[in-house]
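# here's my sequence, what's the structure:
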Amino acid sequence: MIERKTDSSPRRKILFFAMTIFIFGFVPFFCLEIYLRIFKTNIDLDILTGKKIGENPMQEWACIDAYAAYTPKPGQYSEGKTVNSYHFISTPEITKEKKPGTVRIVFLGGSSTAGTGTNLRDEDTWPWQTVEKLKKITGKKIDFINAAVGGYTSFESHGRLWNRVRFFSPDIVIMYHGWNEMYYFRGMNEIEKRYMLPDGSWSFGRALHPIKRWEPLWIDSYIKWSQILTRIRKVCNKPIAGEVDRMDEEPMADSYNPAAIKVWKNNLKLIQEACGIMGAKFLCAKQATLVFPGISEADKARCKVHFHRFDYQVHLRAFQDIYSAIDEIVPQKNIIDCTSLSGKPEFFYDHIHQTPEGCKAIASIVAEKIYFGGAENK
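Residues are numbered from 1 along each chain as shown. Predicted coordinates:
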């Protein structure tokens with residue numbers, strides 16, 4: 001009998017292992033790569049890291065509004081975070097006609113009222129909690145509209161109130177603005193061009209400049225060709241808290257244009273008078289903020305003052321000027337003072353966005369003002 005010799009040469013083993021790796025490794029990898037490129041939206045790592053200009057990220061969650069620049073798209077955006085069919089965030093479905101005996105409350109503001117920036121579940125937002133508290137205190141039928149949207153200033157809130165919300169016949173309107181007003185405090189000369197493109201139109205389109213959402217890594221240039229590796233990179237590397245744009249690289253000013261306060265005062269008057277015309281009680285809140293004298297350096301770092309291009313000390317003064325304007329324009333009985341919460345780190349994720357505990361604290365202040373101030377009897 002002749003024995004058959006087995007070829008166990010190193011070359012044959014290397015070939016065997018290479019074929020195994022190719023079949024069980026590279027083939028599935030390339031199949032998945034092809035699938036992602038054909039059936040999924042391609043992710044450009046250069047856009048995510050601010051090396052290239054991409055689409056405006058607002059297109060993911062907002063649509064154009066003729067009277068208030070933009071408004072949220074109806075749907076569910078995260079677990080427990082919704083927008084109803086009338087484009088109102090964290091608001092139950094509602095009809096334009098009120099049921100008899102119902103008190104309808106409207107909330108105006110930016111992301112700290114909408115519960116975005118750091119997404120809060122609908123029921124954790126302070127407007128939702130305020131209404132729930134009032135229902136228990138008064139035993140009345142109360143519904144509400146959260147007309148706030150992230151990024152809104154009093155400009156957009158006035159447009160939305162007068163051209164959208166008034167058709168829902170509100171009884172009480174509560175405004176909670178402050179931080180977002182400061183976006184025009186330094187650039188007063190460009191205020192009339194807010195949300196305007198060079199040709200005078202307004203569209204999301206492409207971003208006007210690169211927006212950095214992830215810090216660049218040395219490995220990016222080697223993996224950006226692959227949709228699989230790009231997605232792994234996104235999962236393993238946390239995004240920057242809050243999108244960082246070109247303003248971060250500009251020098252921080254030690255003042256702001258005082259004419260901005262006059263604009264803020266005029267907007268207050270417009271919203272207050274609009275509420276009077278539509279027969280609604282107007283209440284204006286002094287916004288609570290982490291920006292406060294004497295907080296730690298670590299907490300100061302959480303306050304994204306670079307968004308407004310002027311320094312921390314100027315922000316302290318700007319908030320006080322905003323509060324003083326409210327005192328001047330709004331009757332004292334119609335002011336809700338939430339500043340007792342300011343500077344308390346446990347109530348804030350950052351400069352202005354409240355934790356659920358912060359929202360609970362604001363809701364208690366607002367509900368007590370509405371009830372004991374007699375606004376619910378309007």
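
# SS state for Cys63?
Recorded secondary structure, Cys63: strand (DSSP: H, G, I helix; E, B strand; the rest coil).

# what's the burial count for it?
The number of residues packed around Cys63, counting by other Cβ atoms under 10 Å, is 13. Any C-beta I mention is one placed from the backbone N, CA and C, and that applies to glycine too.

# which strand runs longest in the protein?
Across the chain, the longest stretch assigned as strand under DSSP state E is strand 102-109.

# can you name the residues in contact with that one?
Here strand 102-109 makes contact (Cβ atoms under 8 Å, 6 or more residues apart in numbering) with 98, 113, 127, 130-131, 134, 140-148, 152, 157, 160-161, 165, 168-177, 271, 280, 370, 376, 378.

# contacts for stretch 60-79, please.
By Cβ under 8 Å, 6+ apart, the residues outside stretch 60-79 that reach it are 58, 82-89, 119, 121, 149, 151-152, 156-157, 159-160, 162-164, 194-195, 202-204.

# could you flag which of those are buried?
By neighbour count, with 16 or more other Cβ atoms under 10 Å, those hold 58, 82-84, 86-89, 119, 149, 151-152, 156-157, 159-160, 162, 164 as buried.

# now, those residues that are in helices?
Among the buried ones among the contacts of stretch 60-79, the residues falling in helices (DSSP state H) are Glu156, Ser157, Gly159, Arg160, Trp162.

# re the thing from before, convert the longest strand of the chain to PDB, retaining C-alpha atoms only.
Listed next in PDB are the C-alpha coordinates belonging to strand 102-109 (Å, rounded to 0.1, in the frame of the first residue of the first chain):
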ATOM      1  CA  THR A 102     -61.700  75.000  28.500                       C
ATOM      2  CA  VAL A 103     -58.800  77.300  29.400                       C
ATOM      3  CA  ARG A 104     -56.200  77.300  26.600                       C
ATOM      4  CA  ILE A 105     -52.500  78.200  27.400                       C
ATOM      5  CA  VAL A 106     -49.800  79.000  24.800                       C
ATOM      6  CA  PHE A 107     -46.100  78.900  25.500                       C
ATOM      7  CA  LEU A 108     -43.700  80.900  23.400                       C
ATOM      8  CA  GLY A 109     -39.900  80.500  23.500                       C
END
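
# distance from the chain centre to the helix or strand that it is followed by, please.
Note on strand 102-109: by DSSP states H and E, the next helix or strand toward the C-terminus is helix 111-114. With Cα atoms, centre = their mean, to the nearest Å as the basis, helix 111-114 stands 7 Å off its chain's centre.

# show me where the stretch 1-150 of the chain has helices.
10-21, 27-39, 45-48, 111-114, 126-138 (DSSP state H, counting those that start in this stretch).

# go through the second one and flag the buried ones.
Right, the one you point to is helix 27-39. Within helix 27-39, the residues that count as buried by 16+ other Cβ under 10 Å are Glu33, Leu36.

# quick one: the strands in the stretch 201-350 of the chain, in order.
Using DSSP state E, counting those that start in this stretch, the strands of the stretch 201-350 of the chain run over 281-286, 335-337.

# can you lay out the ones you listed as TSV showing mean pLDDT and distance to Ala325?
Converted to TSV, the strands of the stretch 201-350 of the chain look like this (pLDDT from 0 to 100; distance: least, Cβ to Cβ, whole Å):
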stretch	mean pLDDT	distance to Ala325
strand 281-286	98	10
strand 335-337	98	11
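
# most tightly packed of these?
Counting by mean count of other Cβ atoms under 10 Å, strand 281-286 has the highest mean neighbour count of these, with a mean of 23.

# re the thing from before, and the strands of the stretch 201-350 of the chain as TSV, adding distance to Lys73?
Shown next, in TSV, are the strands of the stretch 201-350 of the chain (distance: least, Cβ to Cβ, whole Å):
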stretch	distance to Lys73
strand 281-286	27
strand 335-337	30
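
# list just the one of those strands that sits closest to Leu229.
strand 281-286 (47.3 Å; Cβ to Cβ).

# so the helix or strand of the chain with the lowest mean pLDDT versus helix 27-39, what angle?
The weakest-scoring helix or strand in the chain, judged by mean pLDDT, DSSP states H and E, is helix 10-21 (a mean of 71). Calculated by axes from the mean of the first three to the mean of the last three Cα atoms, to 10 degrees, helix 10-21 forms an angle of 30 degrees with helix 27-39.

# for helix 10-21, packing partners?
If you count contacts as 3 or more Cβ pairs under 8 Å, 6 or more residues apart in numbering; DSSP states H and E, helix 10-21 packs onto no helix or strand.

# out of the helices of the stretch 1-150 of the chain, which is the most enclosed?
Buried most deeply of the helices of the stretch 1-150 of the chain, by mean count of other Cβ under 10 Å, is helix 111-114, with a mean of 28.

# so which residues make contact with that one?
Residues from elsewhere that reach helix 111-114 (Cβ under 8 Å, 6+ apart): 89-90, 107, 117, 125-127, 146, 148-151, 176, 179-180, 287, 352-354.

# rerun at 6 Å
Helix 111-114 is contacted from outside by Ile89, Phe107, Gly117, Ala148, Val149, Gly150, Tyr176, Ile352, His353, using Cβ atoms under 6 Å, 6 or more residues apart in numbering.

# neighbours around the residue nearest to the last one when sequence neighbours are not counted, how many?
Excluding the flanking residues, the one nearest His353 by Cβ to Cβ, 6 or more residues apart in numbering is Gly117, at 4.1 Å. Neighbour count for Gly117, taken as other Cβ under 10 Å: 20.

# could you do Ser221 as well?
Neighbour tally, Ser221, other Cβ under 10 Å: 12.

# distance check, it against Val235.
For Ser221, the distance to Val235 equals 19 Å [Cβ to Cβ, to the nearest Å].

# kindly report the same for Leu48.
If you go by Cβ to Cβ, the gap between Leu48 and Val235 works out to 13 Å.

# again with Thr153
35 Å.

# the more surrounded of these two?
The neighbour comparison of Thr153 against Val235 (other Cβ under 10 Å) goes to Thr153, with 23 against 7.
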